[in-house]
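A.B. asks: Here you go, sequence then predicted model.
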Amino acid sequence: MRISRFIAKIICVIAVSSSVVLTGCSLVAPEATFTPPTTAPGAQNNNNPDTISVSVESADTSETTDLYMATESLDFSDFVFIGDSRTVGMGQVLDLDTIAEIGVGYSFLMAHYDQILGLENKNIVFNLGVNDLAHVDEYIEFFQRLPEDFCFDNHIYVVSVNPTSGSYASMNGDIDYFNVQLSDSLPSTCKWIDTCSFLREAGFGTVDGLHYDNQTYELIANLIYNNVMLYQSLGY
């Protein structure tokens, strides 16, 4: 699946470039502010010898906002975001349709399996994994076993686990390992969106090292939206 990962990275680059052409407007700061949980994420595989060691610090995102359309101009009406506290936060800031809870991971997918499979004619965005990075094999199996009719009735997108900073920066090696393993193993029915690489290049802001500030949530939403539109324009 390395070719699909390469295509996904190209799409990310095109998404950023195309958004410059589409607009020059800056993001509108939302009124809602997400208050993150105080608990740390769940099980982490910090002793894996194959983990890539990467350290990331928070960065000012003000210089990147002109690359994006104002989120209020984007139509998320046919999107459903499935995930953890980061998805909860993005959903609150942008008023998204979500199936998400704080502190969850793979077991949440299984607990809501029937609800997820009941979705039709949606852009379904899976955005979780940071709470149980050691369970990448279970995530791989989940996506590989999604029923064909469900994938036919919807567009399925899997977003990379995004980077951390500060006291959570030690997780970034495991995040890289998780992202590589998952993106290399996704079936053709699931499209990969690599927001993690972009955030590392462009910078990102957090409120605690793990959960993002409102502007970064808007940046992530823009990148996901542009990737989805570009995938679909290419017939995926």
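C.D. replies: Sure, I can see it.

A.B. asks: mind listing what C196 touches?
C.D. replies: Neighbour list for C196: S160, V161, N162, P163, I175, N179 [criterion: C-beta atoms under 8 Å, 6 or more residues apart in numbering]. For glycine as for every other residue, the C-beta is placed from the backbone atoms N, C-alpha and C.

A.B. asks: so who does the last one touch?
C.D. replies: Just to be clear, that refers to N179. S160, V161, D194, C196.

A.B. asks: redo that, cut-off 6 Å
C.D. replies: N179 is in contact with S160, V161, C196, counting by C-beta atoms under 6 Å, 6 or more residues apart in numbering.

A.B. asks: Restricted to helices, list those.
C.D. replies: Using DSSP state H, the members of these that fall within helices are C196.

A.B. asks: shaky segments in this protein?
C.D. replies: Applying pLDDT under 70 to the chain flags the ranges 1-71.

A.B. asks: now the strands for it?
C.D. replies: 79-83, 98-100, 123-127, 155-159, 190-193 (DSSP state E).

A.B. asks: got those as TSV, with mean neighbour count and distance to E218 columns?
C.D. replies: Compiled in TSV, the strands of the chain are given as follows (neighbours: other C-beta atoms under 10 Å; distance: least, C-beta to C-beta, whole Å):
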stretch	mean neighbour count	distance to E218
strand 79-83	23	14
strand 98-100	20	16
strand 123-127	24	14
strand 155-159	22	15
strand 190-193	23	16
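
A.B. asks: and the ones you listed as a markdown table, adding distance to N222?
C.D. replies: Shown next, in a markdown table, are the strands of the chain (distance: least, C-beta to C-beta, whole Å):
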| stretch | distance to N222 |
| --- | --- |
| strand 79-83 | 13 |
| strand 98-100 | 17 |
| strand 123-127 | 13 |
| strand 155-159 | 13 |
| strand 190-193 | 12 |
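
A.B. asks: Can you tell me which of the contacts of N179 lies closest to A134?
C.D. replies: Ranked by distance to A134 (C-beta to C-beta), those are led by V161 at 12.3 Å.
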